[in-house]
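Peer 1: need coordinates for the following:
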Amino acid sequence: MSLDVVQVKTTPDFQLDLDFKNGEHRRFDMRPLLTMRPWDRIASEQLFHRATVAYGTVIWPGEIDIAPETLYDDSVPL
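Peer 2: Sure thing, here's the model as predicted:
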């Protein structure tokens, strides 16, 4: 099973709506991570909404990313 992320949409309440290569659509809550490094650097809405997909996962400017396995395991189906 491929856990690669193929598309991401951000929401105003720091959620990530994710499309995975396996066809699943899931939602990941970033709020618990935004107090920890390195994600505390994207805790503003302006920076958070700059999320994009590269290398099968979600990335932000400044070389901030999150493992696709974490995104999958800790998200809920949409």
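Peer 1: after the longest helix seen in the chain, next one along is what?
Peer 2: Assignment by DSSP state H gives helix 68-73 as the longest helix of the chain. Using DSSP states H and E, the helix or strand that follows helix 68-73 towards the C-terminus is strand 76-77.
Peer 1: that following strand packs against which elements?
Peer 2: For strand 76-77, the packing partners by 3 or more Cβ pairs under 8 Å, 6 or more residues apart in numbering; DSSP states H and E come out as strand 25-29. For glycine as for every other residue, the C-beta is placed from the backbone atoms N, C-alpha and C.
Peer 1: other residues contacting the strand it packs on?
Peer 2: 14-20, 71-72, 74-78 (Cβ atoms under 8 Å, 6 or more residues apart in numbering).
Peer 1: of the residues you listed - the most surrounded one?
Peer 2: Of all the contacts of strand 25-29, the highest neighbour tally under other Cβ atoms under 10 Å goes to Leu18, namely 23 neighbours.
Peer 1: so where do the strands sit in the chain?
Peer 2: For the chain, strands defined by DSSP state E occupy the ranges 5-10, 15-20, 25-29, 52-54, 57-60, 64-66, 76-77.
Peer 1: angle of the third one against strand 5-10?
Peer 2: Put plainly, it is strand 25-29. With axes from the mean of the first three to the mean of the last three Cα atoms, to 10 degrees defining the directions, strand 25-29 sits at 50 degrees from strand 5-10.
Peer 1: mean confidence (pLDDT) on strand 25-29, please.
Peer 2: Averaging pLDDT along strand 25-29 gives 98.
Peer 1: rewinding a little: between the strands of the chain, which one is closest to Met36.
Peer 2: Comparing those against Met36 with Cβ to Cβ, the closest turns out to be strand 64-66 (11.0 Å).
Peer 1: which other helices and strands contact that closest one?
Peer 2: Looks like strand 64-66 contacts strand 57-60 (3+ Cβ pairs under 8 Å, 6+ apart).
Peer 1: which elements pack onto the strand it packs on?
Peer 2: Under the contact criterion of 3+ Cβ pairs under 8 Å, 6+ apart, strand 57-60 touches strand 5-10, strand 52-54, strand 64-66, helix 68-73.
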